[in-house]
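J.: Output the structure for:
(2 chains)
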Amino acid sequence: MNYQFKWSVLWSGQSGVWLLQGLITTVEISALAWVLAAALGILSGALRTVPWKPARALATAYVEFFRNVPLLVWMFFWYFGVPPLLPRAVQDWIFNHGAEFWAGMFALGVYHGARMSEVIRSGIQAIPRTQFEASVAMGLTTFQAYRLVIVPIALRLIVPPATSESLNLLKNSSVALTISVAELTFQTRQIETYTAKAIEALTAGTVIYLVLCVGIAAIMARVERRFAIPGLIARGG
Amino acid sequence: MLDFGVIVSNFKFLIVQGLFGLGGFAGGTLRLAIPAIALGFVLGIFIGLARLARSRWLSLPATLYVEFFRGVPLVMVIFWIWFIIPQLLRLPIPEYGVALTAFVIFEAAYFGEIVRAGIQSVPRGQVEAATAVGLTGAQTMRFVVLPQAIRNMVPALVTQMIVLFKDTSLASIIGYVDLTKAAQIVNNREIKPFELYLFIAVVYFAFTYSMSRFARRFEGRVTA
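T.: Next up, the predicted model:
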């Protein structure tokens, strides 16, 4: 292998700016998608455990359909498939306001919402049934019991799996490059295209992802210890 | 406005070529997914065992391997393989080889973790009992630990297989003609994105959902 390394391509010219922009876009799209995913996940995860069948069926349909189809297909679906069905004026507006970013964010959020839902459901199901019964016995409505008792406890139980799911979301944001969102992987490819230095460019992108993931995992490990409920966390090992 | 006739008229290309890989292109979702699952699992067993090995020289590299690949996106790994292998071997590699290599290397890290967790779920006393009756380390692993561990792994394994099956759609990024790429090709000609992408979503769903149903039944049987 006689490959000429030239690491300076990473800080000469535009590369540094591109990497930074890519990092910012990755964090932005992931953060927004995470909010959407958390909202959808909590809502549908809670609905899957309520004692009312139509709500359970609706939430189950959402979860099963969205998490069982590849994210890439959802990206294409929301970016290419859905906008042409919208009214002309809405289409024009969307395409003037960074359609690929919003379609990518939406695809990522809805897909991971379905996956998050499973995490939250298993958290809720890990709470002893008596908690719910006690809440109702105290005079709370089902909604109040969920909002004030069940969901808060579940959220504290699920910190470890929710962290790993959130990291999956961050990593999966790279799929948005297929609909030309200029996130980190996209910028890495751009540097490679302009400088023909594939190894350097890919190394830069890979290191940034690793630092992000390892950093978030380390922070969340502390959060996990802080929020653990003694006696309710079933920890492995 | 919506015209699902486009599915009917391109059904053969989408399913026979895209899903099964029988046709003019060296493609196919299943032709990629099945070997990737098998080889990824085999490599994963070795990585899982290496992580649990007493020797630092085995466990440390295996741990680094797992932590590395779980910290980077699959898309990135695909690009790595795509650029690096031709550089190393000085010859172009077909997309199929690139995609298969990337999936096996990447998913082995996840399979390795499942194998490790499965082995650790076997009570310590089992190993001690096996040693006491005179089995060697390798025999203990083969006849006592692994048979029980694999049972415990089944649910997580199937979940990971479903993930891998869905991930094969990413091979379309480097031009491999799988189901997703086939839909893109048809869409470029027909401009029916909603119908086509919804259709392949349903095809993917049919596979993954039946896998998960099957796993749930199997799970029930093992525990019962």
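
J.: For the rest of this, base every contact and every neighbour count on C-alpha atoms.
T.: Noted.

J.: now stretch B:102-113, how far from the centre of its chain.
T.: Between the centre of stretch B:102-113 and the centre of its host chain there is 7 Å, according to CA atoms, centre = their mean, to the nearest Å.

J.: Tell me, how many residues neighbour the closest residue to B:M161 other than its chain neighbours?
T.: Spatial nearest neighbour of B:M161, chain neighbours left out: B:I37 (6.4 Å); criterion: CA to CA, 6 or more residues apart in numbering or on different chains. Neighbours of B:I37 under the rule other CA atoms under 10 Å in any protein chain shown: 22.

J.: Could you do the one 10 residues further on as well?
T.: B:I47 sits with 27 neighbouring residues when counted by other CA under 10 Å.

J.: Okay, it and chain A: tell me how far apart.
T.: Between B:I47 and chain A the computed distance is 19 Å (CA to the nearest CA, to the nearest Å).

J.: Grab the nearest non-local neighbour of that residue.
T.: The spatially closest residue to B:I47, leaving aside those adjacent along the chain, is B:G112, at 5.1 Å (CA to CA, 6+ apart).

J.: Now do the SS call for the one you found.
T.: For B:G112, the assignment made with DSSP: H, G, I helix; E, B strand; the rest coil gives helix.

J.: check contacts around it.
T.: B:F41, B:L43, B:G44, B:I45, B:F46, B:I47, B:G48, B:L49, B:V66 (CA atoms under 8 Å, 6 or more residues apart in numbering or on different chains).

J.: so which of those comes closest to chain A?
T.: Closest to chain A out of the contacts of B:G112 is B:V66 (12.1 Å), distances taken as CA to the nearest CA.

J.: among the contacts of B:G112, which are in helices?
T.: Those of the contacts of B:G112 mapping onto helices are B:F41, B:L43, B:G44, B:I45, B:F46, B:I47, B:G48, B:L49, B:V66, per DSSP state H.

J.: can I get these in CSV with pLDDT?
T.: Supplementary listing: the ones in helices among the contacts of B:G112 in CSV, determined by pLDDT from 0 to 100:
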residue, pLDDT
B:F41, 95
B:L43, 96
B:G44, 95
B:I45, 92
B:F46, 94
B:I47, 96
B:G48, 94
B:L49, 92
B:V66, 95
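
J.: Greatest separation within those: which pair is it?
T.: B:F41 and B:V66 (13.6 Å; CA to CA).

J.: quick one: low-confidence ranges for chain B?
T.: B:1, B:219-224 (pLDDT under 70).

J.: what residue is smack in the middle of chain B?
T.: Geometric centre of chain B, nearest residue: B:L164, 3.5 Å, by CA atoms, centre = their mean.

J.: That one: what's it in contact with?
T.: Counting by CA under 8 Å, 6+ apart, B:L164 has contacts B:A33, B:I37, B:F103, B:E107.

J.: doesn't B:A102 make contact with the residue nearest to B:M161?
T.: No: counting by CA atoms under 8 Å, B:I37 sits too far from B:A102 to count as a contact (11.9 Å).

J.: and residue 147, how many residues sit next to it?
T.: I'll assume chain A. Using other CA under 10 Å, A:R147 has 13 neighbouring residues.

J.: Chain B was what I was after
T.: Count around B:P147 with other CA under 10 Å applied: 13.

J.: and chain B, which of its residues are near chain A?
T.: Within chain B, the positions near chain A by CA under 8 Å from any CA of the partner chain are B:68, B:71-76, B:79-80, B:83-84, B:87-90, B:162, B:166-167, B:169-170, B:173, B:180, B:192-195, B:197-198, B:200-202, B:204-205, B:208-209.
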